[in-house]
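Engineer: task: produce atomic coordinates for the following.
(2 chains)
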Number of protein chains: 2
Amino acid sequence: MDKKFMQKAISLAKKAAANGDVPVGAVVVLNGKIIATGYNKREKNSLATAHAEVLAINAACKKLNTWHLDDCELYVTLEPCPMCAGAIINSRIKTVIFGAFDSKAGSCSNDSVVNLLSYGYNHTPEVYAGIMENDCATLLRDFFKDKR
Amino acid sequence: MDKKFMQKAISLAKKAAANGDVPVGAVVVLNGKIIATGYNKREKNSLATAHAEVLAINAACKKLNTWHLDDCELYVTLEPCPMCAGAIINSRIKTVIFGAFDSKAGSCSNDSVVNLLSYGYNHTPEVYAGIMENDCATLLRDFFKDKR
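Structural biologist: Now for the predicted structure:
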C-alpha cells in the first residue's frame, strides 16, 4: 500500500469534477506500477456503469488481456458501491484501498450499507479503508458545496 | 411482464454458449419494445465486467442517451450477481425479471447470497424471480455438462 497511488487517484477525481461528475478516481496497480486508471464519467458519458472503478478495471483487463486481475491492487478515492464491489469480486482483484467512506452506497465496510467484499462470494479481497480519507472526502464536500 | 422477452434473452444466452461463455442473456424493454440486448462476453472479450446485464444496460444508456433507465424493464436468464444488481440500482431500472436462481453469486433474492435490490440503497426495483426458470436453468446445466 503506497499513498502515492491514492494521490494519483485524487488527481483523477479532480478531472471528473471538472466534467461535472462526482469526483471519484481510481488506479489499478500491478507490481508497484500503475497499469490502468479511471475516473467517474457517469454524466459525461451518460452511462450508469461508468464509475471510476469499473473504467479502471476494464482498462486493466484490456491491458493484461485477461479478466483475472488476481495480483492487482485497486486504489479508489471513495468506498465502492455494490456494482463496483461486484466488479472487484468478479475480476479477483487482490487488494482494495479506498479513501472516503460512503454511508449511502458504500458496500465495502461494516460501517456503511453492507460489506460485500467479505460476504462469502467466491473471492474475498484484502481491504484497507479510510486511507487519506480527509483528502478524499474534502474533494467530495467541495464538489457538493459548489453544486448547491 | 411478457415471456416473449425472456424467450429472446434465452436465444441471446445461446450465443454466449457458442463462444464458450456461460450462457446468460439479457434484454432491456421500454414501452413494450426491446431497446437493448446483451449476452455474457467475459471469456470472448477477456473482460470481468462483460456480463449480459451490464452490456444490455450500457446499450440502453447509449440508445436513450441517458444513465436514467427509470421506465425500463430488464429481462435476464440468470439471477444477477452483485455487480449487475448494483448496475441495476445505479441505472434506476424499474423492473427486473430473472429466470434461474444462482445460489453462489445471486444477489437479487432472499434465497441466494443477498437481496441487494431490497437492501435500502437509493433505488428499489420491482423483481419477478424464477420466470421460465426451468428453460433458463437447463441452458446452464447443459453448458456445464458439456464442459466436464
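Engineer: which strands or helices does the helix or strand of chain A with the lowest mean pLDDT pack on?
Structural biologist: When each helix and strand of chain A is scored by mean pLDDT, DSSP states H and E, helix A:133-147 comes last, with a mean of 94. In terms of contacts (3 or more C-beta pairs under 8 Å, 6 or more residues apart in numbering or on different chains; DSSP states H and E), helix A:133-147 is packed against helix A:3-18, strand A:73-78, strand A:95-100. Every residue, glycine included, has its C-beta placed from N, CA and C.
Engineer: was I right about A:Ser11 contacting A:Ala26?
Structural biologist: No: the pair A:Ser11 and A:Ala26 fails to qualify as a contact (C-beta atoms under 8 Å) at a distance of 11.6 Å.
Engineer: higher neighbour count, those two?
Structural biologist: Counting neighbours by other C-beta atoms under 10 Å in any protein chain shown for A:Ser11 and for A:Ala26 shows that A:Ala26 has the greater number, 33 against 14.
Engineer: so the more buried one touches A:Leu55, yeah?
Structural biologist: Yes: in this structure, A:Ala26 sits in contact with A:Leu55. The criterion is C-beta under 8 Å, and the distance is 7.4 Å.
Engineer: find residues that contact each of those two.
Structural biologist: In terms of C-beta atoms under 8 Å, 6 or more residues apart in numbering or on different chains, A:Ala26 and A:Leu55 are both contacted by the residues A:Gly38, A:Tyr39.
Engineer: quick check: buried residues in stretch A:35-54?
Structural biologist: Within stretch A:35-54, the residues that qualify as buried by neighbour count (16 or more other C-beta atoms under 10 Å in any protein chain shown) are A:35-42, A:45, A:47-54.
Engineer: same question for stretch A:120-138.
Structural biologist: Residues of stretch A:120-138 classed as buried: A:Tyr121, A:Pro125, A:Val127, A:Ala129, A:Gly130, A:Ile131, A:Met132, A:Glu133, A:Asp135, A:Cys136, A:Ala137 (neighbour count, 16+ other C-beta under 10 Å).
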